[in-house]
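Asker: Sharing a model that was predicted from the sequence below.
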Amino acid sequence: MSFYSCLSDNEILLKQLLPIDESFDLIFRRITIGGRDAFYISVDGLSKDETILRIFQVIQGEDHQPSLETITRFLRAKIGYLETELTSSPEQAVRMILSGAMLIVLDGFTSAILLDTRTYPARSPEEPDLEKVTRGARDGLVETIVFNTALIRRRIRDPRLIYEMFQIGSSSQTDVAVGYIKGMADPYLLDHLRKALRQIDTDALLMGEKTLEELLIKKKWYNPFPQAKFTERPDVAAAHLLEGHVIVLVDNSPTAMLFPATLFHFTQHSEDYYQNPLVGTYTRWIRFFAILVCLFFAPLWLWIAQMPPESLPDFLQFLVPQEAEALPLFVQLLLIELGMEILRMASIHTPSGLSTAMGIIGGLLLGQFAIDVRILQPESVLFMAFSNLATYAVPSVEFGLALRIYRIFFLILTGLLGGWGLLAGVLVFCLVLFTTRSFSGLRYTWPLIPLDPRALSNVLIRKPIIEVKRHERTNFHKPVK
């Protein structure tokens, strides 16, 4: 389908494709340009009114132009606006109009003029709440995709940085940009990602990058490990691009997805690189310790506390509760886990001015009252509080929640089966971990399994930037599974 040369036919065609007479925010107006009848269509609120006004001040005074070649010269000579093109496709015109562009159709031509005068409501780039640093840049990604690509381009002024645009969703037609540095990104990953994006069949990306992640990555329901890393920091996205990663930006979302992502990518934070290498290494090891505490601290204590006191050595006797149990220990731990999860959700939905008070009331008063009425024991509250605190030392929210699910799994098995249950839980955990692969086909446990000594040393030790740059960048050229 293409535009007609008759203006009235084009008007009928576009009114069939767009609810011009039904939706108040679709602006349709008949005008005259160079003595020729014309009309334009735009969406109210998505176009720059001042830009449109200045363009019309120039083009509405032109003489009659009889041919398409002349209108092409007319665009070159009289419309100095940067983003201007001719289109003969009504479908493309409708898609661009609904994105915020303005369409001008003139009588006698089978092509129409598209002016990309889009402007979207946008907030200022602010530091993300989940990725704060003591030093470093304070800007963050926003909900407008063009602003996000610009924030990253500002940090990487390399002509090899490429953004490829896709439209996902039959109804939403959401813009999705794939960013990579040509010659550094894995070509197998890029081909796999392009193919996966083109094959997505959905109405809309209602939840932005999270919906896209579920559509891209088909994984088992029992595997909670995230297979894409998310960041709201443009400096983190730029650093990953320079390491050979591929980023995916979704319009209306302030988050970038990073591919490929393995287990150890979720243990690193930009704070490591804004501090001295020794301090960064110390912080990183504390984070590794916190991950182990999050997973095993409470289940190990439960296993020891359930053992007969006479079978324990003297130096472990203090771990055994001294008071009579009102409830089985593992039930107490599960109740505390449930209470902490409710508090977490309540803090999200509580107005910010009251969230601190909510945390104090829930964490201190309710815990103390539960101990006073002998529903819980002090040791249970202490060990579970320390385990939950360690969860928030994990930089990735998605990875932290996956660890929390496995901790609950360990607690249930340990409470029912003792030490053998904990061992069985750890075996299941390792089996899922070692059989998981990233989106590119790279093993989730890389660079530990398969072993890559240089990459593993960079994970375990925060090395000086100049030393890291001396080596070749990590090679992600792995076959896609």
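Answerer: Perfect, thanks for sending it.

Asker: Averaged pLDDT, the top helix by length along the chain. What do you get?
Answerer: What stands out as the longest helix in the chain, according to DSSP state H, is helix 277-306. Model confidence over helix 277-306, given as mean pLDDT, is 91.

Asker: now the angle between helix 277-306 and the next helix or strand after it, please.
Answerer: Using DSSP states H and E, the helix or strand that follows helix 277-306 in sequence is helix 329-349. On the basis of axes from the mean of the first three to the mean of the last three Cα atoms, to 10 degrees, helix 329-349 is oriented at 140 degrees to helix 277-306.

Asker: So what's the gap between helix 329-349 and the chain middle?
Answerer: In this view, helix 329-349 has its centroid 26 Å away from the chain centroid, taken as Cα atoms, centre = their mean, to the nearest Å.

Asker: cool, and stretch 414-424?
Answerer: So, by Cα atoms, centre = their mean, the centroid of stretch 414-424 is 36 Å from its chain's centroid.

Asker: Report the buried residues of that stretch.
Answerer: Across stretch 414-424, burial judged by 16 or more other Cβ atoms under 10 Å covers Thr414, Gly415, Gly421, Leu422. C-betas here are computed from N, CA, C, even on glycine.

Asker: Endpoints of stretch 437-448, how far apart?
Answerer: In terms of Cα to Cα, to the nearest Å, the two terminal residues of stretch 437-448 are separated by 13 Å.

Asker: Ignore what I typed, I meant stretch 321-332.
Answerer: End to end - Cα to Cα - stretch 321-332 spans 12 Å.

Asker: Please apply the same query to stretch 29-49.
Answerer: Start and end residues of stretch 29-49 are separated by 14 Å (Cα to Cα).

Asker: ok, and what's touching it?
Answerer: By Cβ atoms under 8 Å, 6 or more residues apart in numbering, the surrounding residues in contact with stretch 29-49 are 7, 11, 14, 18, 20, 24-28, 52, 56, 59-65, 74, 97-108, 117-120.

Asker: and the two most separated of the buried residues of stretch 414-424?
Answerer: When the buried residues of stretch 414-424 are compared pair by pair using Cβ to Cβ, the farthest-apart members prove to be Gly415 and Leu422, with a separation of 9.7 Å.

Asker: what is in contact with these two at once?
Answerer: Common contacts of Gly415 and Leu422, defined by Cβ under 8 Å, 6+ apart, are absent altogether.

Asker: domain ranges for this protein?
Answerer: Domain assignment for the chain by automatic domain parsing gives 7-115, 129-262, 273-435.

Asker: Of these, flag the one that's most buried.
Answerer: domain 129-262 (a mean of 18; mean count of other Cβ atoms under 10 Å).

Asker: returning to what we had before: nearest to Glu271, of the buried residues of stretch 414-424?
Answerer: Comparing these against Glu271 with Cβ to Cβ picks out Leu422 as the nearest, at 32.8 Å.

Asker: Count the neighbours of Gln268 for me.
Answerer: By other Cβ atoms under 10 Å, 20 other residues sit near Gln268.

Asker: pretty sure it is touching Val459, no?
Answerer: Yes: in this structure Gln268 lies within contact range of Val459 using Cβ atoms under 8 Å: 7.4 Å.

Asker: Residue ranges in this protein under the pLDDT threshold?
Answerer: Applying pLDDT under 70 to the chain picks out residues 61-71, 74, 77-78, 82, 322-325, 352-364, 465-481.

Asker: Helices - which of the buried residues of stretch 414-424 land there?
Answerer: Going by DSSP H, the helices hold Thr414, Gly415, Gly421, Leu422 from these.

Asker: Take the residues you listed and write them to TSV, including distance to Val320.
Answerer: Listed next are those as TSV, based on distance: Cβ to Cβ, whole Å:
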residue	distance to Val320
Thr414	15
Gly415	16
Gly421	19
Leu422	17
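
Asker: Which residue ranges of the stretch 1-150 of the chain form helices?
Answerer: Counting by DSSP state H, counting those that start in this stretch, one finds helices in the stretch 1-150 of the chain at the ranges 7-17, 49-59, 68-78, 90-99, 145-153.

Asker: so which of those comes closest to Pro254?
Answerer: Nearest to Pro254 among these is helix 145-153; the distance by Cβ to Cβ comes to 7.6 Å.

Asker: Going by contacts, tell me the helices and strands next to whichever helix or strand comes after that closest one.
Answerer: The C-terminal neighbour of helix 145-153 among helices and strands, as given by DSSP H and E, is strand 161-168. Under the contact criterion of 3 or more Cβ pairs under 8 Å, 6 or more residues apart in numbering; DSSP states H and E, the helices and strands touching strand 161-168 comprise helix 145-153, strand 174-181, helix 187-198.

Asker: Quick one: work out the angle between the helix or strand hosting Glu214 and strand 161-168.
Answerer: Under the criterion DSSP H and E, the helix or strand holding Glu214 is helix 209-216. Taking the same axes, to 10 degrees, one finds that helix 209-216 is oriented at 80 degrees with respect to strand 161-168.

Asker: tilt between helix 209-216 and strand 174-181?
Answerer: Helix 209-216 and strand 174-181 meet at an angle of 80 degrees, taking the same axes, to 10 degrees as the criterion.

Asker: Now helix 209-216 - C-alpha only, CSV.
Answerer: What follows is the C-alpha trace of helix 209-216 in CSV, where atoms were taken according to Å, rounded to 0.1, in the frame of the first residue of the first chain:
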residue,chain,number,x,y,z
GLU,A,209,12.8,-4.6,30.1
LYS,A,210,11.4,-7.3,32.5
THR,A,211,8.7,-8.3,29.9
LEU,A,212,11.4,-8.3,27.2
GLU,A,213,13.7,-10.4,29.3
GLU,A,214,11.0,-13.1,29.8
LEU,A,215,10.2,-13.1,26.1
LEU,A,216,13.9,-13.4,25.2
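
Asker: Does Leu413 touch Val426 like I think?
Answerer: No: applying Cβ under 8 Å as the test, Leu413 and Val426 come out as separate, 9.3 Å apart.
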